[in-house]
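# sequence and predicted structure below; questions after.
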Amino acid sequence: MTSPPLKVDTRITLNNGIEMPLFGLGVYASNEGQQCKNAVRWALDTGYRLFDTASLYENEKSVGETVRESHIPRAEIFVTSKLWNSDHGYDNTRWAFDESMDKLGLDYMDLYLVHYPVAGIRQETWKAMEKIAASGRCKAIGVSNYLTNHLQELLANCNIPPTVNQIEMSPFCYRSRIDTVNMCQEKNIVVQAYSPLVRMRRSEHPSLKKLANKYKKTVPQILIRWSLQHGFSVIPKSSNQARIQQNADVFDFELSDGDMETLDGLDEGFIIDWDPSVTE
Ligand SMILES: NC(=O)c1ccc[n+]([C@@H]2O[C@H](COP(=O)([O-])OP(=O)(O)OC[C@H]3O[C@@H](n4cnc5c(N)ncnc54)[C@H](OP(=O)(O)O)[C@@H]3O)[C@@H](O)[C@H]2O)c1
């Protein structure tokens, strides 16, 4: 049986039954105010329905305002935020969630993620995450930057498993992170690819340029399509209208199995952001 073609608003079902769009907009480094509001509005106009913010990004207010001001039913839009590292612990986590909710100004959050597996305090934090999930003010809870050891510890001690693990993912680190990807897929945890464009640090790579030519697409579009074809949720960031549109124009072509293999083979253990392997 062949699966239906991917679309900009294709949704997947998380392990708690909630549906999440596969594709979305990251807003890290989109400045609070007009820059972030424009980005979210242009993305909504283009068909994006998932927005990835965090208390760290200091733009939850702009994301929430733009979602509220849009005439799109709230249920069609999926908003993620994240618990910052200094807010771990049972009470702090609950306060931090309330603060994010105040800033968003929404009736509920769709997904709340532990931003990073801060050592020594993760279990108390997760208990609070479970409490938040039970309150109904957040539809799903998950983690970010968790590698296999962090996931194993969490899965052995939780009542509610994470729905999503948001990790840095691109062809340049895929094989190095394959154990984490496999564990997530075995445990029915969605892998969400952050920094999927490697912040454009590999945009001149000859293999990427060759594939871009072959498919008459851009290098970012090849990278986004690669993530989607691996079944990853993917959240490229842009604050530019044309690039927001370009990044969503990835649903009219398909990378061949051979070209997926070529891309998988570009691994050089390269990550641009956190290295959680240093955290026990
Ligand atoms: N959980 C975590 O720890 C974590 C860590 C990092 C990121 N994230 C999330 O993942 C999202 C994406 O990752 P990221 O922001 O690190 O990096 P990214 O999406 O890999 O790259 C973003 C950069 O690429 C540029 N860009 C985007 N589309 C482009 C295009 N079509 N052509 C040329 N340049 C383009 C953007 O500039 P312009 O804006 O000028 O277009 C920006 O400088 C973040 O926004 C955030 O939501 C999460």
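Noted; the coordinates are in hand.
# now do the helices in this structure.
For the chain, helices defined by DSSP state H occupy the ranges 34-46, 60-69, 90-104, 122-135, 148-157, 178-186, 206-215, 219-229, 241-248, 257-264.
# low-confidence stretches in this structure?
Within the chain, the stretches falling below the threshold (pLDDT under 70) are 1-2.
# around the ligand, pick out the residues from it.
Taking CB under 6 Å from any ligand atom as the criterion, the chain approaches the ligand at residues 26-28, 52, 115, 144-145, 166, 194-200, 218, 220, 235-240, 243, 246-247, 273-274. In this view, the C-beta of every residue, glycine as well, is placed from N, C-alpha and C.
# same thing but 5 Å
26, 28, 52, 144, 166, 194-195, 197, 199-200, 220, 235-240, 243, 246, 273 (CB under 5 Å from any ligand atom).
# buried among these? Make that a PyMOL selection.
Typed into PyMOL, the line below selects the buried ones among these, using 16 or more other CB atoms under 10 Å:
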select buried, resi 26+28+52+144+166+194+195+197+220+235+236+237+238+239+243+246
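# give the contact list for the closest residue to the ligand within the chain.
In the chain, the residue that lies nearest the ligand is Gly26 (2.3 Å; CB to the nearest ligand atom). Gly26 is in contact with 52, 194, 235-237, counting by CB atoms under 8 Å, 6 or more residues apart in numbering.
# in TSV: the helices of the chain, plus distance to Thr80.
Formatted as TSV, the helices of the chain follow (distance: least, CB to CB, whole Å):
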stretch	distance to Thr80
helix 34-46	13
helix 60-69	9
helix 90-104	10
helix 122-135	13
helix 148-157	18
helix 178-186	16
helix 206-215	28
helix 219-229	16
helix 241-248	17
helix 257-264	26
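# tell me the most buried of those helices?
Compared across the helices of the chain, helix 219-229 shows the largest average neighbour count, a mean of 23 (mean count of other CB atoms under 10 Å).
# Asn16 contacts Ala140, correct?
Yes - the criterion here is CB atoms under 8 Å, and Asn16 meets it with Ala140 at 5.7 Å.
# of those two, which one has the most company?
Ala140 (24 against 15; other CB atoms under 10 Å).
# list residues touching both of Asn16 and Ala140?
Contact criterion CB under 8 Å, 6+ apart; residues shared by Asn16 and Ala140: 133, 163.
# which residue packs closest to Ala212, ignoring adjacent ones?
Among residues not flanking Ala212 along the chain, Val219 sits closest, at 5.0 Å (CB to CB, 6 or more residues apart in numbering).
# contacts only, for the one you found.
203, 205, 208-209, 212.
# how much space between it and Pro206?
11 Å (CB to CB, to the nearest Å).
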